[in-house]
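1. Got a sequence here, can you model it:
(one chain, ligands or ions: 1)
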Amino acid sequence: MSKAGLYIHFPFCRRACFYCHFFKKKLRPRLVDALLRRLELEMGLRRDPGLALDTVYIGGGSPSLLGAGQVSRLLAAAAEHFNLGEKSEITLEANPEDLDLPLLERLRRAGVNRLSIGAQSFQGRDLAFLKRTHDAAQGRRAVEAARAAGLANVSIDLIIGLPTQTLRTQDANFRVIEALRPSHVSLYILEGVRRPATDDHDARLYFQARQALLDLGFEHYEVSNFCRPGKAARHNLKYWRMAPYLGVGPSAAGYLDGDDYRNAPDLERYGAALKKGKLPLLRTPRLDPVKRRIITGLRLLAGIPASAFVAFSAETAFLLQEGLLVRKENNLAVPAEKILLLNEILGYFI
Ligand code: SF4
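-> Purely as a prediction, here's the structure:
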C-alpha cells in the first residue's frame, strides 16, 4: 500500500479574504494554543504507529502565523502517533507578509522542507483588487528569502480570472516567475468575481499562463498544477491517486481504508467532541469508489488506467469520439486543450 499523507488544518487568518471558501476564523492568539492542544488530541485519537506517513501538509487558513516552535510541536505529535518517515515532504502554506529570513530559517530547522507561498500575483492592481495585505515586492522577497534560508522547494500560488488582468499584465507576472525560479506553480481560476461573459477571457489567460510555464520548463501535471521535473507536490498527488491521507483540524478531510471522512467545520463542535474523547466527524455520504477514482484521477494530465472506465463503456466511447478523452499508453486522459471542460466531462460519470 502506498504511504499515507497527513493534512493539518490551521484555520486562523489575520482577516478574511472576500473570495475565500476555506474554513477560516479571525486570528485570536489565545485560540491558537487551544487549537494546538486539540490537534494533538485528535492525532492521539487517530493514533496508529504502524501507519507510514511520507508527507505532511500544514494548510489553512494562514499557518505561516504559527511560530517555528508551534510547527515543531505539530510535527512532534505526528511523529509520536504515526510512523513519520525521515525523508517526508513537509509543506507549510504561507502568506508572503509573514515570511522573513529568520523565521524561514527556524521553520527549516523545525523540519519544513517545502513552502506553498500565496503570492496570487506580482501585479499591484491584482493584489489591490483581491485586497491582499501584501504587495508585489513582498511576494518577490518572500520567495527570495525562502531560497536564502535553504528552502529551495517553493511553490507559488497564482490567481487568474481577475477583472484587473490582461494578457499583457499576466505576461509581466511570468517574467517575475522566470526570475524567481520556483519549483512549482499552482494556477487557480477565481470563480465568482468575473465580469459578465468573460469565460473566454479566463480561458485565454489560462492557456497563456500554461504556455508561459511550459516555455519556462514546467510540466503541466494536474488541472491547476505545474512543476519542474520531479517536483510535483507529493502530498497533493495522494488526493488524485486515491492514496490514503489523514486530515486533522476543523473542516479537514481524510481518506482512509477506502472511506472519506470530514471533520466539523466549526471550532466549538470540533473542540467539544475532542474533549469528550470523540472524533469531530461530520456524516459524509459514501462515494462510489469507481466514480471517486475517475473524478479525482482525471484531474491528472497523465490520466488513469483505461480499466477504471469499464463500467462506463458507452460514455467513454462517446467522449473518445468527441476528443474529450484521449488514450495515453494504457491510460485515458482529458487532453490539455480540453482541460477547462473537466467538470462537464465528469458529468458523464456522476
Ligand atoms: S489568507 Fe488565505 S485562507 Fe485566509 S481568508 Fe485569505 S485566502 Fe482564505
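2. what ranges of the stretch 101-250 of the chain fall below the confidence cut-off?
-> For the stretch 101-250 of the chain, the stretches with pLDDT under 70 are 192-198.
3. What parts of it come near the ligand?
-> Proximity of the stretch 101-250 of the chain to the ligand, by CB under 6 Å from any ligand atom, involves residues G118. In short, each C-beta sits where N, CA and C put it, glycine included.
4. residue ranges for the helices of the stretch 101-250 of the chain, please.
-> 101-110, 124-129, 136-148, 167-180, 199-215, 234-240 (DSSP state H, counting those that start in this stretch).
5. need the ones you listed in CSV with mean neighbour count, can you?
-> Listed next are these as CSV, based on neighbours: other CB atoms under 10 Å:
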stretch, mean neighbour count
helix 101-110, 17
helix 124-129, 17
helix 136-148, 19
helix 167-180, 15
helix 199-215, 16
helix 234-240, 21
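6. Now these in CSV, please, with extra columns for distance to E344.
-> Shown next, in CSV, are the helices of the stretch 101-250 of the chain (distance: least, CB to CB, whole Å):
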stretch, distance to E344
helix 101-110, 41
helix 124-129, 28
helix 136-148, 34
helix 167-180, 25
helix 199-215, 12
helix 234-240, 19
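7. Looking at the ones you listed, which is nearest to V326?
-> Counting by CB to CB, V326 lies closest to helix 199-215 out of the helices of the stretch 101-250 of the chain; the figure is 16.9 Å.
8. which residues are in contact with that closest one?
-> 158, 160-161, 165, 167, 170-171, 174, 177, 185, 187, 189, 194, 220, 226, 336-337, 340 (CB atoms under 8 Å, 6 or more residues apart in numbering).
9. buried subset of the residues you listed?
-> Buried members of these, scored by 16 or more other CB atoms under 10 Å, are 158, 160-161, 165, 170, 174, 177, 185, 187, 189, 220, 226, 340.
10. Just the closest of those to A137, please.
-> Out of the buried ones among the contacts of helix 199-215, the member with the shortest distance to A137 (by CB to CB) is I177, at 15.2 Å.
11. List the buried residues of the helix or strand harbouring N343.
-> Assigned by DSSP states H and E, N343 falls within helix 342-346. By neighbour count on 16+ other CB under 10 Å, the buried set for helix 342-346 is 345-346.
12. Show me what the mean pLDDT comes to for that helix.
-> Across helix 342-346, pLDDT averages out at 96.
13. contact partners of that helix?
-> So helix 342-346 is contacted by 223, 294-295, 298-299, 319, 324-325, 334, 338 (CB under 8 Å, 6+ apart).
14. now that helix, how far from the centre of its chain.
-> 20 Å (CA atoms, centre = their mean, to the nearest Å).
15. domain assignment for the chain?
-> 4-239, 289-346 (automatic domain parsing).
16. ok, L324 to L340 distance?
-> Distance from L324 to L340, counting by CB to CB, to the nearest Å: 11 Å.
17. Ok, which of the domains of the chain comes nearest R269?
-> domain 4-239 (11.3 Å).
18. gap between the two ends of the closest one?
-> Counting by CA to CA, to the nearest Å, you get 10 Å between the two ends of domain 4-239.
19. buried residues in stretch 239-255?
-> Quick answer for stretch 239-255 (16+ other CB under 10 Å): 239-240, 242-255.
20. Counting only strands, which of those residues make the cut?
-> Members of these lying in strands (criterion: DSSP state E): 245-248, 253-255.
21. Greatest separation within those: which pair is it?
-> Checking those with CB to CB, the most distant pair is V248 and Y255, at 13.2 Å.
22. nearest to Y261, of the buried residues of stretch 239-255?
-> Out of the buried residues of stretch 239-255, the member with the shortest distance to Y261 (by CB to CB) is G254, at 5.1 Å.
23. Sweet, I'm off.
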